[in-house]
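> Got a predicted structure plus its sequence, pasted below:
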Amino acid sequence: MLYDVPNIIQTAFVNITSNVSTTSTTYVDLAPLTITLTTSTHPIEVHFSGTVGILSNRASVGFQLMVDGVAVSNGLGRVQISGNPAYTTSIGIVYKSGVLSSGSHTVKIQWKTSAGTASIQPSGSSYGYAGLLVKEVAF
Amino acid sequence: MPLFYQESVVQTAFAEITTTTSTTSLTHVDLLTLTITTGANPLLIYVSMSSENSAANGWVEAQLIVSGVVSAGTAYHSTSSGFGNTGSIVWKTPPLTAGSQLIRLQWHVGALIGGSATITPSNGVNHATLYVQEVTV
């Protein structure tokens, strides 16, 4: 008997569609970027990308990828600029899990700032952006 | 248990900057383009880029356009003259109308500071790539 299994079983994607900001210096949920999906015993691939503005010179913004409550990867973007009102930096994370247990899994992004206010502002610009893509893959 | 893996990636397409490429434009101009013919499927799109700006505190804005729809973008500053930085985008479209699709990555320098943004692939630091997967799931 052959079992017909697609090599990408499913994909899920969310992106920031309205302005969000944080002043937290510890990781908090970047609330719109949470995906819950039910998988079989397969790995997942995760792709995150975000462009964030920081209203504080020499500040940094951190992003952390969580899978089922465990931090599995992170990235830090730092701005070190003076005299410019639009400090932006971009972060990307690519991750592949081991084989997950069959059932429901939650993938989410958290973020923090070292100083000032970090914001992602898709309203009114084409570059204020963050997106999270999750693929359940066969191998 | 015998398994047969069904191809859920219909096709892929890739474009990259291979020669030194610069812009001083203050409005979006094409950096990379791909044209593919698809079924009524979604696209997964990945952008990665880095460049250097001739002006301290200058920045680059880039945007992804899928069949005429501005979908996502990125922006990044150069902290000093000649310094670089990076941008990236990941995107999934809704299922498209079957037919020819034009995927464009555009860029420009920020108007307040200006300067010239340059991608020099030969220096082993800068790059720009656009990767598209047509998928059925």
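Thanks, I have the structure now.
> In which helix or strand does A:Thr25 reside?
A:Thr25 belongs to no helix or strand when assigned by DSSP states H and E.
> Just to check, it is in contact with A:Ser114?
Yes: assessed by Cβ atoms under 8 Å, A:Thr25 is found in contact with A:Ser114 at 6.6 Å. The way it works is simple: take the backbone N, C-alpha and C, and place the C-beta from them, glycine included.
> Show me which of those two is the more surrounded one.
A:Ser114 (15 against 11; other Cβ atoms under 10 Å in any protein chain shown).
> And the nearest residue in space to the more buried one that is not next to it in sequence, how far from chain B?
Nearest non-adjacent residue to A:Ser114, counting by Cβ to Cβ, 6 or more residues apart in numbering or on different chains: A:Ser60, 4.6 Å away. Note on A:Ser60: its distance to chain B, by Cβ to the nearest Cβ, to the nearest Å, is 13 Å.
> If A:Ser60 is in a bridge, with which residues?
A:Arg78 (DSSP bridges).
> Quick check: pLDDT value at it.
If you check A:Ser60, the pLDDT there is 84.
> now do the one 5 residues further on
What the model reports for A:Leu65 is a pLDDT of 94.
> can you check A:Arg78 too?
66.
> what residues are up against B:Val132?
Residues in contact with B:Val132 (Cβ atoms under 8 Å, 6 or more residues apart in numbering or on different chains) are B:12-14, B:34, B:36, B:43-46, B:103.
> is it true that A:His105 touches A:Ile44?
Yes: here A:His105 reaches A:Ile44: they are 7.1 Å apart, a contact under Cβ under 8 Å.
> so what sits against both of these two?
Joint contacts of A:His105 and A:Ile44 (Cβ under 8 Å, 6+ apart) are A:37, A:67.
> circling back to that earlier point, so the residue nearest to A:Ser114 makes contact with A:Gly75?
No: applying Cβ under 8 Å as the test, A:Ser60 and A:Gly75 come out as separate, 10.4 Å apart.
> Next up, the contacts around residue 41.
I'll assume chain A. A:99-102.
> nope, chain B
With Cβ under 8 Å, 6+ apart, B:Asn41 has these contacts: B:10, B:95-96, B:134-136.
> now the residues you listed: which count as buried?
B:96, B:134-136 (16 or more other Cβ atoms under 10 Å in any protein chain shown).
> picking that back up, state the distance from the residue nearest to A:Ser114 to B:Thr20.
A:Ser60 sits at a distance of 31 Å from B:Thr20 (criterion: Cβ to Cβ, to the nearest Å).
> quick one: which of those two has more around it?
Ranked by neighbour count (other Cβ under 10 Å), A:Ser60 and B:Thr20 place A:Ser60 first, with 17 against 12.
> Any figure for the gap between the nearest residue to B:Ser122 once chain neighbours are set aside and B:Thr118?
Closest residue to B:Ser122 apart from its sequence neighbours, by Cβ to Cβ, 6+ apart: B:Thr20 at 7.0 Å. Relative to B:Thr118, B:Thr20 is positioned 7 Å away (Cβ to Cβ).
> swap in A:Pro43?
For A:Pro43 relative to B:Thr118 (Cβ to Cβ), the value is 38 Å.
> Of these two, which one has the most company?
Neighbour count, other Cβ under 10 Å: between A:Pro43 and B:Thr118, B:Thr118 has more, with 18 against 15.
> Just give the closest residue to the more buried one, not the sequence neighbours.
B:Ser22 (4.3 Å).
> what's the pLDDT at the one you found?
For B:Ser22, pLDDT reads 97.
> Can you name the helix or strand that it falls in?
strand B:21-23.
> For the helix or strand following that strand, buried residues please.
Per DSSP H and E, the first helix or strand lying C-terminal to strand B:21-23 is strand B:29-38. Within strand B:29-38, the residues that count as buried by 16+ other Cβ under 10 Å are B:31-32, B:34, B:38.
> Dump those residues to CSV, plus distance to chain A.
Converted to CSV, the buried residues of strand B:29-38 look like this (distance: Cβ to the nearest Cβ, whole Å):
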residue, distance to chain A
B:Leu31, 14
B:Leu32, 16
B:Leu34, 18
B:Thr38, 16
